[in-house]
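K.L.:
can you look at this prediction? I've put the sequence above it.
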Amino acid sequence: MGPASCEDLLRKARITSNGAVLLGRKVACDAHEPSRPVRVVTHAHNDHIGGLSRSLRECSWVLMTEATRDLLSVLKRKDILRLPNVVGLKYNRPFDLGGEVLTLVRARHIIGAAQVLVEDEEGTRLLYTGDFKFPGTPVVEADVLVMEATYGRPGQVRDFEPEVEERLVELVRTGLREGPVYIFGYHGKLQEVMQILVDGGIWAPFVLPPKVYEVTRVCERYGMIVGDYVPTWSDEARELVSRGEPYVAFYHTSSYGRVRGRKAAMRITVSGWELSRPVREVSKGEFVVGLSDHADFEGLLAYVEECGPKLVITDNYRMGSGAILAEEIRRRLGVPAFAMPSRTPIRRDLAEWL
């Protein structure tokens, strides 16, 4: 691609210093940008809702899937369901922005997660993946691909991916023979674990604290099969806990220290940062399971290959390795790729494409 076209495309998509992904002339994704009338939230995790309160006050439209809207009403602001500028979109339904058309496409991540496609007046297709797992996320053809880079280093590969769910079920089943099992993870991933356990034949009751309980109700409403669950304040949960009968308790990762003293046969943390093996014993009765809802390094490269973009921008704002991933895409795939925000001028990175 010649320098003019590469630079032209870079004017149509970029990531700002505060993490806003800008697509076309009107859209800002996953952080607030004062100059943009349209805000998109790709999913309900904290690092993708920066400046949401300001967007709700100032933007003409705040767009997200219906499931993400309902999750945010539980996790952040109940009034989000009543705000007239908040629109819950269905997947694959174009939304006309007046000269540009926006479409949300499913992403395999947490419930409600979406990729964002903007087609501008010139027919240029600008795609932002948000967070995603691959395989499992539909590939969207695009001229410019803006992508996450959580596991953007060559060594961040999970060769054990096909077996991790089975190993998780086996581990929980073993723990339940001795008593309660406590599982720690992030909202969305906890509900994925519930579904994995149900699919694997685990029918012990699930005990959930308030926020996890409310998030689970939303996930169930949008089609997840999460088994039988009760809130911690219910009589049934109190009896299970007092008698020490087998049950599975699900808590947000941030609660690990607070509930550590409770009687449990096993404690399991699910984390994508466990890259060496599917299950690792940390200490007696405490385990880390390498379950991730992000693409690993090979998955990121595979998505780029199938997408076929003319230009790639990697997210160098959120946790990840945007600069390293961009370099590997250029070297291995021969596709112009640049990390943003960048500590060096993009013009310097463009040198080999001039």
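P.N.:
Thanks, I have the structure now. Residues are numbered from 1 along each chain as shown.
K.L.:
OK, contacts around the residue nearest the centre of the chain?
P.N.:
Closest to where the C-alpha atoms of the chain average out (Cα atoms, centre = their mean) is residue 131, at 4.0 Å. Counting by Cβ atoms under 8 Å, 6 or more residues apart in numbering, residue 131 touches 42, 43, 45, 48, 107, 109, 113, 148, 150, 293, 294. In this view, the C-beta of every residue, glycine as well, is placed from N, C-alpha and C.
K.L.:
for stretch 171-178, buried residues please.
P.N.:
Residues of stretch 171-178 classed as buried: 171, 172, 175, 176 (neighbour count, 16 or more other Cβ atoms under 10 Å).
K.L.:
redo those residues as a markdown table? Include distance to residue 302 and pLDDT.
P.N.:
Formatted as a markdown table, the buried residues of stretch 171-178 follow (distance: Cβ to Cβ, whole Å; pLDDT from 0 to 100):
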| residue | distance to residue 302 | pLDDT |
| --- | --- | --- |
| 171 | 29 | 98 |
| 172 | 30 | 98 |
| 175 | 35 | 97 |
| 176 | 37 | 97 |
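K.L.:
among the residues you listed, which are in helices?
P.N.:
Cross-referencing the buried residues of stretch 171-178 against helices under DSSP state H gives 171, 172, 175, 176.
K.L.:
in TSV: those residues, plus distance to residue 8.
P.N.:
What follows is these, written out as TSV (distance: Cβ to Cβ, whole Å):
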residue	distance to residue 8
171	52
172	53
175	57
176	59
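K.L.:
tell me the one of those nearest residue 72?
P.N.:
Ranked by distance to residue 72 (Cβ to Cβ), those are led by residue 172 at 29.8 Å.
K.L.:
that closest one against residue 181, yeah?
P.N.:
Yes - here residue 172 reaches residue 181: they are 5.4 Å apart, a contact under Cβ atoms under 8 Å.
K.L.:
with adjacent residues omitted, what lies nearest to residue 130?
P.N.:
residue 42 (3.2 Å; Cβ to Cβ, 6 or more residues apart in numbering).
K.L.:
secondary structure element for the one you found?
P.N.:
Using DSSP states H and E, residue 42 falls within no helix or strand.
K.L.:
equivalent analysis for residue 196, please.
P.N.:
Assigned by DSSP H and E, residue 196 belongs to helix 189-199.
K.L.:
output that helix in CSV with nothing but the alpha carbons.
P.N.:
What follows is helix 189-199, C-alpha atoms only, in CSV (Å, rounded to 0.1, in the frame of the first residue of the first chain):
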residue,chain,number,x,y,z
LYS,A,189,-16.3,-15.0,33.4
LEU,A,190,-17.9,-16.4,36.6
GLN,A,191,-21.1,-17.0,34.6
GLU,A,192,-19.1,-18.7,31.9
VAL,A,193,-17.7,-21.1,34.6
MET,A,194,-21.2,-21.8,35.8
GLN,A,195,-22.2,-22.8,32.3
ILE,A,196,-19.1,-25.0,31.9
LEU,A,197,-19.9,-26.8,35.2
VAL,A,198,-23.5,-27.4,34.3
ASP,A,199,-22.5,-28.7,30.8
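K.L.:
what pairs with the following helix or strand past that helix, parallel or antiparallel?
P.N.:
On the C-terminal side of helix 189-199, the nearest following helix or strand under DSSP H and E is strand 206-208. If you go by DSSP bridges, strand 206-208 pairs up with strand 229-231 (parallel), strand 248-252 (parallel).
K.L.:
show me what the helix or strand just after the shortest one is packed up against.
P.N.:
Scanning the chain past strand 229-231 towards its C-terminal end, the next helix or strand to appear is helix 235-243 (assignment: DSSP H and E). Taking 3 or more Cβ pairs under 8 Å, 6 or more residues apart in numbering; DSSP states H and E as the contact definition, the neighbouring helices and strands of helix 235-243 are strand 206-208, strand 229-231.
K.L.:
and the very next helix or strand once past the first one, which residues are buried?
P.N.:
This points to strand 206-208. Next helix or strand after strand 206-208 toward the C-terminus (DSSP H and E): helix 210-221. Going by neighbour count (16+ other Cβ under 10 Å), the buried part of helix 210-221 is 212, 213, 214, 215, 216, 217, 218, 219, 220.
K.L.:
who are the contact partners of the residue nearest to residue 199 when sequence neighbours are not counted?
P.N.:
Leaving aside its sequence neighbours, residue 199 sits nearest to residue 225 (Cβ to Cβ, 6+ apart; 7.6 Å). By Cβ under 8 Å, 6+ apart, residue 225 lies in contact with 195, 198, 199.
K.L.:
alright, calling it a day.
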